[in-house]
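Colleague: what's the 3D shape of this:
(chains A and B)
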Protein chains: 2
Amino acid sequence: MTKVIHGGDIYRYPGELLDFSSNINPLGVPDVVIELLRGETNLERYPDIEYRALRRKIADRYQLKPEEILVGNGAVEIIFLIANLFSEQKVLLPVPTFGEYRRAVEQAGGQVEIVFRKREHNFALPLAEIEEKLPTVAGIIICNPNNPTGNLMSLDELTQLVEMTKDLQKYLIFDEAFLDFVPDPEKSTALQWLSRHPRMLIIRALTKFFAIPGLRFGYGFGGAEVISHLRNLQIPWSVNSLAAKAAELLIYDNNYIECSRDWIKRERGYFLEKLEKIFGLEVWPTAANFLLARLTTGMSAKDIKTELISHQILIRDASSFLGLDQSYFRLAIKDRASNQKLLTALKKCL
Amino acid sequence: MTKVIHGGDIYRYPGELLDFSSNINPLGVPDVVIELLRGETNLERYPDIEYRALRRKIADRYQLKPEEILVGNGAVEIIFLIANLFSEQKVLLPVPTFGEYRRAVEQAGGQVEIVFRKREHNFALPLAEIEEKLPTVAGIIICNPNNPTGNLMSLDELTQLVEMTKDLQKYLIFDEAFLDFVPDPEKSTALQWLSRHPRMLIIRALTKFFAIPGLRFGYGFGGAEVISHLRNLQIPWSVNSLAAKAAELLIYDNNYIECSRDWIKRERGYFLEKLEKIFGLEVWPTAANFLLARLTTGMSAKDIKTELISHQILIRDASSFLGLDQSYFRLAIKDRASNQKLLTALKKCL
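Modeller: Predicted structure coming up:
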């Protein structure tokens, strides 16, 4: 089985590290979650095995039906469930991207057919190649915005891909785990096509935007039939009660959502502009709360990671992403003070 | 896919029900868990993807190595992981028992070979039949103490089964989710044979004994090789941080453990004695915190369940367990006041 390397493995290093390796909202755990943990938690009860109240609330929020909602133990459970659709089949995978798609598909007995997002095209989705290969596969998995490159599909690209896959009756899987960070989520989501594409599935996460990766919650949208099939494959009670209750509250937590939008709008521009000015570094624009960087001096990401650890900073060496080499690393966008610390340390190392 | 029915589905009914359908320690959520939720939760961090500290603590507690420990999102995740060992193979399953073993094995592409625990033998394990069929299967899954019958294997039965499966190199899976409730857990666990049987696996849960089914935590013991294989099949971060931290504390919470032992010792005897005296009811002795009952008057479990709901009491209709018919139901053992309420209501209904 493919071993996937992840960011956020701060437990491997002694001492307190400033973590730029995992893409978590620096506004931190929302107050509603802290209040929830301090109140009546009902942990002595099993979660509702059908998650009725939760699925109804998510459905209401997105004008869908509860039958179109899947909830899971992090977005990664949804990814592994969906991978079962590709057992003994092939699925198209544009890379570099999140490593668990491939692992999940292979574990389910499927195969990934790789297409490359190329540096010379700023890691844009290779739509022509996708169109060419689509007839030979059962579907395609796209991370949008893409981890680790930060690319967001345009409305035109989305429309093309929806049409292509719909005509050929292929599965179209969007992982929108980082969508809440993009400038205009409502316009950038594939959700607007969901009712017209019976084989489209959308994966969402609360983990990153609401800064609760420890609590584990992800969800998915799709047609009632495929959602029912996937729910039948789930282990019972896979979402813990606290995550379920937190999710009900967080999707309506407009105050936290607004503050986070303000923060990311401000810091994304600032951080990118400052990074662009650092000699020895190539960076790409991003729609997400992280960005991809490349060392142009011959220094390796592994080396700079080691140097930055001595400054109490952890970054994500991105050389383990298929399609990237040892010169790439990924940075989370954090609060101003942390971003400045990173900038200072980075300049010293380069 | 087999649909498994569970107790604890209080969400299906309006109003507050006294829940005798799920087998949860009535002492409730331990204080250490409540304190944990009120303190620094670090939810903005991913759990340690390797659960290093947690696995070390469990290993220390049971004098094992961390490589022999598996942690999961409830015991049910461990069950579904282990089921992968039986893909395209057969596994022996004594029934009536917990329904998820069969569902997990079938979902993993395996098959269960049923043997019956018979009423005329007080639902004891049919060891002769198991010995006969063992050569034709890849292993056996045993719930000990067994849900829903409450049977606990004797030391002699355990020894026999260990020898049989070891000689034939078969997997021997024990689900000890309810072991903490039995009169002498240290003597009744299969753990004492673990180091001598490379294909033995033991499943444990905190859910029931520590009254935290909402938090989701289970664990498993086995040889380093098979545990490593199973860990490679897991989705990342399947145990949420709160469950991981709670587990570290609870396995050493001797005060809660002692109080719970005192309670179960007292109530098991009392409840059973009173139930035995009710006309129209047959009950079996139990080593667990629940018991199996049978209506001898021709009334169905479904009917008495409906009647008890009108008394604000929920019981587990056990007719959905393979091997039982519509006359069986299961009762949790609760605190004295609740048990008395059940006894009073039951007498009225019969």
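
Colleague: list the buried residues of stretch A:307-326.
Modeller: A:307-308, A:311, A:313-321, A:323-324 (16 or more other CB atoms under 10 Å in any protein chain shown). C-beta coordinates here come from the backbone N, C-alpha and C atoms, glycine included.

Colleague: could you do stretch A:57-70 as well?
Modeller: A:57-59, A:62, A:64, A:66, A:68-70.

Colleague: now secondary structure too, for those residues, in a markdown table please.
Modeller: A markdown table is the format used below for the buried residues of stretch A:57-70 (DSSP: H, G, I helix; E, B strand; the rest coil):
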| residue | secondary structure |
| --- | --- |
| A:Lys57 | helix |
| A:Ile58 | helix |
| A:Ala59 | helix |
| A:Tyr62 | coil |
| A:Leu64 | coil |
| A:Pro66 | helix |
| A:Glu68 | helix |
| A:Ile69 | strand |
| A:Leu70 | strand |
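
Colleague: and these as a markdown table, adding pLDDT?
Modeller: As requested, those are arranged in a markdown table below (pLDDT from 0 to 100):
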| residue | pLDDT |
| --- | --- |
| A:Lys57 | 98 |
| A:Ile58 | 98 |
| A:Ala59 | 98 |
| A:Tyr62 | 97 |
| A:Leu64 | 98 |
| A:Pro66 | 98 |
| A:Glu68 | 98 |
| A:Ile69 | 98 |
| A:Leu70 | 98 |
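
Colleague: go ahead and confirm A:Ile203 touches A:Leu172.
Modeller: No - if you go by CB atoms under 8 Å, A:Ile203 and A:Leu172 don't touch, sitting 11.8 Å apart.

Colleague: more crowded one of the two?
Modeller: When A:Ile203 and A:Leu172 are compared on other CB atoms under 10 Å in any protein chain shown, the one with more neighbours turns out to be A:Ile203, at 28 against 23.

Colleague: would that one count as being in a strand?
Modeller: Yes - the assignment for A:Ile203 by three-state DSSP puts it in a strand.

Colleague: who touches it in this structure?
Modeller: Going by CB atoms under 8 Å, 6 or more residues apart in numbering or on different chains, A:Ile203 touches A:75, A:78-79, A:82, A:173-177, A:218-220.

Colleague: which strand residues bridge it?
Modeller: On the basis of DSSP bridges, A:Ile203 is bridged to A:Asp175, A:Gly220.

Colleague: confidence score at it?
Modeller: For A:Ile203, the pLDDT comes out at 98.

Colleague: nearest to A:Glu106, of the contacts of A:Ile203?
Modeller: A:Ile79 (12.4 Å; CB to CB).

Colleague: find me the pLDDT at A:Thr2, would you?
Modeller: pLDDT at A:Thr2 comes out at 58.

Colleague: now do the strands in the stretch 151-300 of chain A.
Modeller: Assigned by DSSP state E, counting those that start in this stretch, the stretch 151-300 of chain A shows strands spanning A:171-175, A:200-205, A:218-222, A:281-283, A:290-295.

Colleague: quick one, which of the ones you listed is nearest to A:Lys265?
Modeller: strand A:290-295 (14.7 Å).

Colleague: ok, that closest one: who's next to it in the sheet?
Modeller: Here, using DSSP bridges, strand A:290-295 pairs with strand A:281-283 (antiparallel), strand A:328-332 (antiparallel).

Colleague: what about the spatially closest residue to A:Phe86 that is not a sequence neighbour, how many neighbours?
Modeller: Of all residues not flanking A:Phe86 in the chain, A:Gly110 sits nearest, at 3.5 Å (CB to CB, 6 or more residues apart in numbering or on different chains). By the measure other CB under 10 Å, the count of residues near A:Gly110 is 21.

Colleague: isn't A:Gly110 right next to A:Ala83, touching?
Modeller: Yes - at 6.6 Å, A:Gly110 counts as touching A:Ala83 under the criterion of CB under 8 Å.

Colleague: interface residues of the stretch 1-150 of chain A facing chain B?
Modeller: With CB under 8 Å from any CB of the partner chain as the criterion, the stretch 1-150 of chain A meets chain B at residues A:1, A:3-4, A:6, A:8-11, A:19, A:22, A:24, A:28-29, A:33-34, A:37-38, A:41-50, A:52-53, A:73-74, A:76-77, A:79-80, A:100, A:104, A:107.

Colleague: now those residues: which count as buried?
Modeller: Neighbour counting by 16+ other CB under 10 Å classes A:4, A:6, A:8-10, A:19, A:22, A:24, A:28-29, A:33, A:37, A:41, A:43-49, A:73-74, A:76-77, A:79-80, A:100, A:104, A:107 among the residues of the stretch 1-150 of chain A next to chain B as buried.

Colleague: from A:Ile82, how far out is the residue nearest to the spatial centre of chain A?
Modeller: Centroid-nearest residue in chain A, with CA atoms, centre = their mean: A:Ala177, separated by 3.6 Å. Separation of A:Ala177 from A:Ile82 (CB to CB, to the nearest Å): 13 Å.

Colleague: ok, A:Glu120 next?
Modeller: Separation of A:Glu120 from A:Ile82 (CB to CB) stands at 31 Å.

Colleague: neighbour count winner among those two?
Modeller: The residue with more neighbours, out of A:Glu120 and A:Ile82, is A:Ile82; 28 against 6, by other CB under 10 Å.

Colleague: and the more buried one, that's in a helix?
Modeller: Yes - judged by three-state DSSP, A:Ile82 forms part of a helix.

Colleague: so who does it touch?
Modeller: A:Ile82 makes contacts with A:104, A:141, A:173, A:201, A:203, A:220, A:230, as judged by CB under 8 Å, 6+ apart.

Colleague: if any of those are buried, put those into a ChimeraX selection.
Modeller: For anyone working in ChimeraX, the buried entries among those, judged by 16+ other CB under 10 Å, can be selected with:
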select /A:104,141,173,201,203,220,230
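
Colleague: what's the most distant pair in the contacts of A:Ile82?
Modeller: For these, the farthest-apart pair by CB to CB is A:Ile141 and A:Leu230; their separation is 14.6 Å.

Colleague: so which residues of chain A form helices?
Modeller: Assigned helices in chain A, in chain order: A:31-38, A:52-61, A:75-83, A:100-107, A:127-133, A:155-167, A:185-188, A:224-233, A:241-250, A:254-276, A:301-309, A:336-349 (criterion: DSSP state H).
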